[in-house]
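Novice: Provided below for reference: sequence and predicted model.
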Amino acid sequence: MQPTWYVTFESRKTGLLPKRRSPRETRTFATEAEAKIFARAKLEDGLIVFAGTINPHSPRRLIPSNGVHLWLAESQEDSTQRAAPSDDDG
């Protein structure tokens, strides 16, 4: 399965080497769920995170760092709605 999502996060300087070339790292994922798990872990580490879909995946999504919390909440809302019984039951 080809990756369709990416998560980019700031990387902390480690070691005694001079300035890093890029203060960010990016990981790719086959599913949005995998990307969310990874992004949540990086946020819990206190890092700045943003994410999105890899071209040419459609629909295209870009989740800026100030919108990551809302993006992560989407999965919780979806699973809550699926778990809730509907009024049609009974």
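Specialist: Good, I have the coordinates. The structure presented is a predicted model; accordingly, all values stated were derived computationally and were not measured.

Novice: Give the residue spans of this structure that score low on pLDDT.
Specialist: Counting by pLDDT under 70, the ranges of the chain that qualify are 12-22, 75-90.

Novice: in this protein, which spans are strands?
Specialist: With DSSP state E as the criterion, the chain has strands at 5-10, 24-29, 49-53, 62-63.

Novice: Could you pull up the residues touching the closest residue to Arg27 other than its chain neighbours?
Specialist: The shortest distance from Arg27 to any non-neighbouring residue, by CB to CB, 6 or more residues apart in numbering, is to Val7 (5.5 Å). Heads up, the C-betas are built off the backbone N, CA and C, glycines and all. Neighbouring residues of Val7 by CB atoms under 8 Å, 6 or more residues apart in numbering: Thr26, Arg27, Phe29, Ala35, Phe38, Ala39, Lys42, Val49, Phe50, Ala51.

Novice: ditto for His69
Specialist: Leu43.

Novice: returning to that earlier point: make a markdown table out of the contacts of Val7 and add neighbour count and distance to Leu72.
Specialist: Below are these laid out as a markdown table (neighbours: other CB atoms under 10 Å; distance: CB to CB, whole Å):
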| residue | neighbour count | distance to Leu72 |
| --- | --- | --- |
| Thr26 | 12 | 18 |
| Arg27 | 16 | 16 |
| Phe29 | 20 | 14 |
| Ala35 | 24 | 10 |
| Phe38 | 19 | 11 |
| Ala39 | 25 | 7 |
| Lys42 | 20 | 11 |
| Val49 | 23 | 9 |
| Phe50 | 20 | 12 |
| Ala51 | 27 | 10 |
